[in-house]
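*Asks:* Test case, fold it:
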Amino acid sequence: MLYDVESPAKKALDGLSMASGSFARMGQDIPANRDPGTTTGGAVSAGMGGAALGATVGSAMATGAATGSAVGPWGAAAGAAVGIAAYLLS
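*Replies:* All right, here's what the predicted structure looks like:
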């Protein structure tokens, strides 16, 4: 044989084989591709962020109110509850 001629059918089957292999790899359940879901650390972090925001808002409200410094802790508690609830429900 003088010249090696590539078969179009073999070339098409090789391409199909590579495509099916790529598609099979895309469907694998890889842990890095999964949503981690809610965690205790995430809830604590959201609660701390909400508490900080609630304390800041509470102390800003207390500066003009006659309630004194009692609003800050209640604002922190409410902010923590809202932060945790928002994290768990999202």
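*Asks:* for this structure, what's the longest helix?
*Replies:* For the chain, the helix with the greatest residue count under DSSP state H is helix 40-62.
*Asks:* Other residues contacting whatever helix or strand comes next after that one?
*Replies:* Helices and strands here follow DSSP states H and E; after helix 40-62, the next one along the chain is helix 71-89. By Cβ atoms under 8 Å, 6 or more residues apart in numbering, the residues outside helix 71-89 that reach it are 38, 42-43, 45-59, 61-62, 65. No exception for glycine: its C-beta is placed from N, CA and C like everyone else's.
*Asks:* repeat that for 6 Å
*Replies:* In this structure, residues lying in contact with helix 71-89 by Cβ atoms under 6 Å, 6 or more residues apart in numbering are 38, 42-43, 46-47, 49-51, 53-55, 57-59, 61-62.
*Asks:* which stretches of this protein have low pLDDT?
*Replies:* Residue ranges of the chain with pLDDT under 70: 1, 27, 29-30, 32-33, 60-73.
*Asks:* That concludes my questions; thank you for your assistance.
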